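Enquirer: no sequence for this one, just the structure:
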């Protein structure tokens, strides 16, 4: 977390929202809320690409299984963030909230923090402690709430409070890419492949941990729902999202079950971008949930209704 100046300001402010390309937000959401996106980069085959700019997600997912070497990914430079922040202030922004991929997974948030110290204007940098549409849900909340004229300091406090309850359940369909990236050993990859074991991983407060292991792809969605029921009381208000690699329709039963069992006040879905896919492989998907207490549910209803 970082702030460009000591004071974030008070009263009504024209707040602009910045995130990075791993938030996996749809072009429509980005355009509707004037969100500025700073891309990470991905390198393979002797070339470098800007995530989701030079390299569309569907194109990369088709190429990924054919790559002989794992792609390399890199955070944006502080200069890339400084350029965006400076442009937004020149356009009349009175403050910026910049929400990013977990600092434990990438240097992206550190680059944003460095850039915040380079500009003459208040920038609140948030380590979203999540990835993909986990970051996206926080960005969406901030964009909606900023439209009410909320002061930057208050908006910053809301997002920091919200992220403490955010979690994601992710399921790579192959262990190959986790092994390539050093996140599991080759022996574990081999055993898992032979037994058709699929790990269900929990991403919470910036780090991954194993949640369950299931045998076969068909057991992943039921395992996600079982974990969700253990963590969130049925009928509770939530924001939720589904990040996927293949067709969204493939996950219809999972989506319907979440909607049937919870008060889903807001929903996002989107395809995983190249940087995220490079680490989890083709076919991976994730269910992201942001539980809301009564106060936060009311605030969201006021801006989304």
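Expert: Nice, I can see it. Just so it is clear, the model here is predicted, and its values are computed rather than measured. Numbers count the residues shown, from 1 in each chain.
Enquirer: quick one: the helices in the stretch 151-300 of the chain?
Expert: Per DSSP state H, counting those that start in this stretch, the stretch 151-300 of the chain carries helices over the ranges 152-163, 176-180, 186-195, 220-231, 252-261, 274-280, 294-304.
Enquirer: count of residues packed around residue 218?
Expert: The tally of other residues near residue 218 (other Cβ atoms under 10 Å) stands at 9. The way it works is simple: take the backbone N, C-alpha and C, and place the C-beta from them, glycine included.
Enquirer: picking that back up, can you tell me which of the helices of the stretch 151-300 of the chain is nearest to residue 101?
Expert: For the helices of the stretch 151-300 of the chain, the distance to residue 101 is smallest for helix 274-280, at 8.6 Å, taking Cβ to Cβ.
Enquirer: now for that closest one, which elements pack on it?
Expert: Where contact means 3 or more Cβ pairs under 8 Å, 6 or more residues apart in numbering; DSSP states H and E, helix 274-280 is packed against strand 41-44, helix 57-63, strand 72-74, helix 176-180.
Enquirer: hang on, isn't residue 133 packed against residue 290?
Expert: No: Residue 133 is not in contact with residue 290 according to Cβ atoms under 8 Å; the separation is 10.0 Å.
Enquirer: More neighbours: which of the two?
Expert: With other Cβ under 10 Å as the criterion, residue 133 and residue 290 differ in neighbour count, and residue 133 comes out ahead with 31 against 27.
Enquirer: what sits against the more buried one?
Expert: 23, 24, 25, 241, 242, 243, 268, 269, 270, 286, 288 (Cβ atoms under 8 Å, 6 or more residues apart in numbering).
Enquirer: In CSV: the residues you listed, plus neighbour count, pLDDT and distance to residue 86.
Expert: Below are these laid out as CSV (neighbours: other Cβ atoms under 10 Å; pLDDT from 0 to 100; distance: Cβ to Cβ, whole Å):
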residue, neighbour count, pLDDT, distance to residue 86
23, 31, 98, 21
24, 29, 97, 26
25, 27, 97, 23
241, 24, 98, 31
242, 19, 98, 35
243, 28, 97, 31
268, 20, 98, 29
269, 17, 97, 33
270, 21, 96, 28
286, 26, 95, 34
288, 27, 98, 32
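Enquirer: Tell me the one of those residues nearest residue 223?
Expert: Distance to residue 223, by Cβ to Cβ, is smallest for residue 286 among the contacts of residue 133, at 12.8 Å.
Enquirer: For residue 199, see how far away the closest residue to the closest one other than its chain neighbours is.
Expert: For residue 286, ignoring the flanking residues on the chain, the nearest one in space by Cβ to Cβ, 6 or more residues apart in numbering is residue 170 at 3.9 Å. From residue 170 across to residue 199, the span is 9 Å (Cβ to Cβ, to the nearest Å).
Enquirer: who's more crowded, those two?
Expert: Of the pair residue 170 and residue 199, residue 170 is the one with more neighbours under other Cβ under 10 Å, namely 25 against 19.
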